[in-house]
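[1] what follows is a protein structure lacking sequence information:
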């Protein structure tokens with residue numbers, strides 16, 4: 001059978017990569033003809049390798065012309081330096097495939113993926129075991145290129161470690177591949193990724209894996225489905241999988257695919273269980289409520305706990321429409337007697353707390369969730385007003401008496417040491433990963449001093465925006481680096497965004513904090529605007545790098561332990577753990 005392989009020249013836009021086989025008509029019959037097999041055997045290895053003593057006029061060359069043509073066309077189309085060493089490897093790879101055709105009775109057009117894997121080997125040692133003795137190690141990379149172009153082979157993840165970048169250069173062209181890698185590298189470098197540095201090797205490796213898998217070196221052809229396939233088939237692992245995430249974000253920024261799904265918080269199992277009818281109502285409320293996504297998830301989890309209690313104790317009231325004042329009273333009474341671990345979906349992380357009475361704040365949270373649920377359902381006219389949720393589900397006095405602020409001021413000696421540690425923070429104090437520091441020192445110092453001197457919640461710190469620091473002197477705005485005004489004579493103002501208890505406001509802060517935030521803002525990489533989940537606005541968060549804002553958990557999980565290590569103090573003192581609420585109270589009482 002004769003076929004046009006694989007695209008005609010007219011189908012390929014100018015400037016785009018085209019396979020060296022494109023536009024050629026080759027006989028793609030899979031079966032090797034008897035005369036072809038006989039000619040290969042008669043020519044022998046020395047002739048097939050075209051060594052110095054080979055006979056170019058031997059009649060066998062004309063017989064195997066249909067097999068020789070596509071292989072030599074591929075060699076001619078490879079972007080490979082024309083050195084004697086490489087020319088020898090390219091001739092040997094042709095000889096290897098021709099002898100294989102004679103042995104199997106099938107042409108390379110019909111070899112399966114497994115046959116190509118057997119020839120290439122899962123590593124260099126396996127290749128040497130499976131190949132004839134006259135085949136050198138330098139043949140394997142060229143055989144991989146032939147497998148890709150002639151055999152449509154893309155299972156390179158099965159071949160162990162090999163130079164994917166070199167193979168991509170050879171197949172698609174050095175300048176073309178380097179140019180596409182440069183486009184992604186420029187986006188990541190602008191966002192502050194270490195992958196954007198010229199000495200990084202992970203980015204070219206992952207991108208070339210995508211190019212080879214996609215059989216195209218163009219970013220425009222890298223689709224969301226391709227990224228999903230790589231993840232679904234687990235073709236990349238570890239640091240390469242993390243790099244894939246960054247690559248997809250960059251390709252999305254270039255406009256060629258969808259953004260990757262968030263890896264933080266998005267993989268937790270969705271709460272379920274309890275009475276099915278109740279869960280349907282809860283999901284309907286969740287889809288309608290205008291609360292922030294995190295608050296909606298928390299409320300939904302609490303409401304499903306009520307559904308599990310209903311399924312176990314009151315199946316007759318599984319439908320919210322059947323609730324009465326008596327049902328509300330039964331729920332309040334049952335909640336007051338509940339213990340940790342009752343009616344939960346899972347007990348992981350509860351450990352020795354199981355069986356202990358619920359804290360008053362937990363009881364209030366569950367009551368507030370049910371109270372808000374019925375209030376909304378009645379306001380939206382989903383349910384008849386058979387009772388007043390604010391009265392029927394009010395917090396009992398015995399619980400309300402135990403509620404209220406419970407701030408704890410950090411012990412004076414601990415506070416002094418933490419201040420010293422924050423003011424003297426150095427690069428060697430920062431936690432490191434295999435690739436170095438996760439965040440720049442200036443960012444970490446800015447977050448740390450905001451925590452120490454700002455008196456803000458962790459969410460407020462994470463949501464500070466570019467330009468939040470302003471300097472004034474005698475009512476006039478000045479720059480933070482003004483040489484005409486002493487720091488002690490200037491007023492440093494911090495703009496705090498809308499929070500869970502109030503609107504945006506401005507507060508005076510210590511100039512040390514303002515100088516630290518100005519230092520970070522001066523070197524902060526350009527970032528895309530990100531969504532403020534509380535206000536729904538597209539904003540420029542101050543503490544953002546690699547196109548992601550710093551998590552609100554970063555302070556409690558990383559900054560505080562880091563400062564405690566540097567200061568030589570425990571994470572907790574006699575008054576409790578060192579956390580953001582405690583620092584807020586400490587800053588306020590010492591201001």
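    Yes, it's here. Because the structure is a prediction, the values reported are computed rather than measured. Residues are numbered from 1 along each chain as shown.

[2] contacts only, for residue 131.
    Neighbour list for residue 131: 96, 119, 121, 139 [criterion: C-beta atoms under 8 Å, 6 or more residues apart in numbering]. Any C-beta I mention is one placed from the backbone N, CA and C, and that applies to glycine too.

[3] from residue 530, how far out is residue 537?
    10 Å (C-beta to C-beta, to the nearest Å).

[4] between those two, tell me which one has more neighbours.
    In terms of neighbours (other C-beta atoms under 10 Å), residue 530 is the more surrounded of residue 537 and residue 530; the figures are 16 against 13.

[5] my guess is the more buried one contacts residue 541. True?
    Yes. Using C-beta atoms under 8 Å, residue 530 makes contact with residue 541 at a distance of 5.7 Å.

[6] which neighbours do the two share?
    Common neighbours of residue 530 and residue 541 (criterion: C-beta under 8 Å, 6+ apart): residue 549.

[7] which residues sit against stretch 350-369?
    Where contact means C-beta under 8 Å, 6+ apart, the residues beyond stretch 350-369 that reach it are 299, 302-303, 305-306, 332, 335-336, 338-341, 344, 347, 393-395, 399-400, 402-403.

[8] in it, what's buried?
    Using 16 or more other C-beta atoms under 10 Å as the test for burial, stretch 350-369 gives 358, 360, 363-364, 366-367, 369.

[9] just stretch 73-92 next, same as before
    Neighbour-count burial for stretch 73-92 [16+ other C-beta under 10 Å]: 73-75, 77-78, 80, 86, 88-92.

[10] what's the farthest-apart pair in the buried residues of stretch 350-369?
    Every pair in the buried residues of stretch 350-369 was compared (C-beta to C-beta); the two farthest apart turn out to be 360 and 369, at 15.1 Å.

[11] residue ranges for the helices of the stretch 101-250 of the chain, please.
    In chain order, the stretch 101-250 of the chain shows helices spanning 113-120, 124-130, 139-150, 164-172, 174-191, 202-214, 224-232, 238-253, with DSSP state H, counting those that start in this stretch as the criterion.

[12] need the ones you listed in JSON lines with mean neighbour count, can you?
    What follows is those, written out as JSON lines (neighbours: other C-beta atoms under 10 Å):
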{"stretch": "helix 113-120", "mean neighbour count": "18"}
{"stretch": "helix 124-130", "mean neighbour count": "14"}
{"stretch": "helix 139-150", "mean neighbour count": "23"}
{"stretch": "helix 164-172", "mean neighbour count": "22"}
{"stretch": "helix 174-191", "mean neighbour count": "18"}
{"stretch": "helix 202-214", "mean neighbour count": "22"}
{"stretch": "helix 224-232", "mean neighbour count": "16"}
{"stretch": "helix 238-253", "mean neighbour count": "20"}
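
[13] closest one to residue 24 among these?
    Set against residue 24 and scored by C-beta to C-beta, those come closest in helix 139-150, at 11.6 Å.

[14] which strands or helices does that closest one pack on?
    Secondary structure elements in contact with helix 139-150, counted by 3 or more C-beta pairs under 8 Å, 6 or more residues apart in numbering; DSSP states H and E, are helix 65-77, helix 84-104, helix 113-120, helix 164-172.

[15] make TSV out of those helices and add mean pLDDT and distance to residue 276.
    Shown next, in TSV, are those (pLDDT from 0 to 100; distance: least, C-beta to C-beta, whole Å):
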stretch	mean pLDDT	distance to residue 276
helix 65-77	96	61
helix 84-104	95	59
helix 113-120	95	46
helix 164-172	95	50
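
[16] nearest to residue 31, of the ones you listed?
    Of all the helices and strands packed on helix 139-150, it is helix 84-104 that lies closest to residue 31, at 10.1 Å by C-beta to C-beta.

[17] tell me which other helices or strands the closest one touches.
    Contact here means 3+ C-beta pairs under 8 Å, 6+ apart; on that basis helix 84-104 packs against helix 34-49, helix 65-77, helix 113-120, helix 139-150.

[18] outside of the third one, which residues touch it?
    Under the criterion C-beta under 8 Å, 6+ apart, residues 96, 100, 104, 127, 130-131, 140, 143-144, 147, 151, 153, 155, 158-159 lie in contact with helix 113-120.

[19] any idea how far that helix is from the chain center?
    Between the mean C-alpha point of helix 113-120 and the mean C-alpha point of its chain there is a distance of 33 Å (C-alpha atoms, centre = their mean, to the nearest Å).

[20] nearest to residue 16 among the buried residues of stretch 350-369?
    Of all the buried residues of stretch 350-369, residue 369 has the smallest distance to residue 16: 56.8 Å, by C-beta to C-beta.

[21] now the closest one: which helix or strand?
    In this structure, residue 369 is located in helix 360-379 according to DSSP states H and E.

[22] I'd like the next helix or strand past that helix.
    The element immediately downstream of helix 360-379 (helix or strand, assigned by DSSP H and E) is helix 389-392.

[23] quick check: what element follows that following helix along the chain?
    Scanning forward in sequence from helix 389-392 by DSSP H and E, the next helix or strand is helix 397-400.

[24] what helices or strands is that next one leaning on?
    For helix 397-400, the contact count by 3+ C-beta pairs under 8 Å, 6+ apart identifies helix 360-379 as packing neighbours.

[25] mind listing what residue 495 touches?
    Contact partners of residue 495, counting by C-beta under 8 Å, 6+ apart, are 464-465, 467-470, 504-506.

[26] what are the phi and psi angles of residue 473?
    Listed backbone geometry of residue 473 is phi -140, psi 120, with angles given as degrees, to the nearest 10.

[27] would you confirm that it contacts residue 490?
    Yes. The pair formed by residue 473 and residue 490 meets the contact definition of C-beta under 8 Å, at 5.0 Å.
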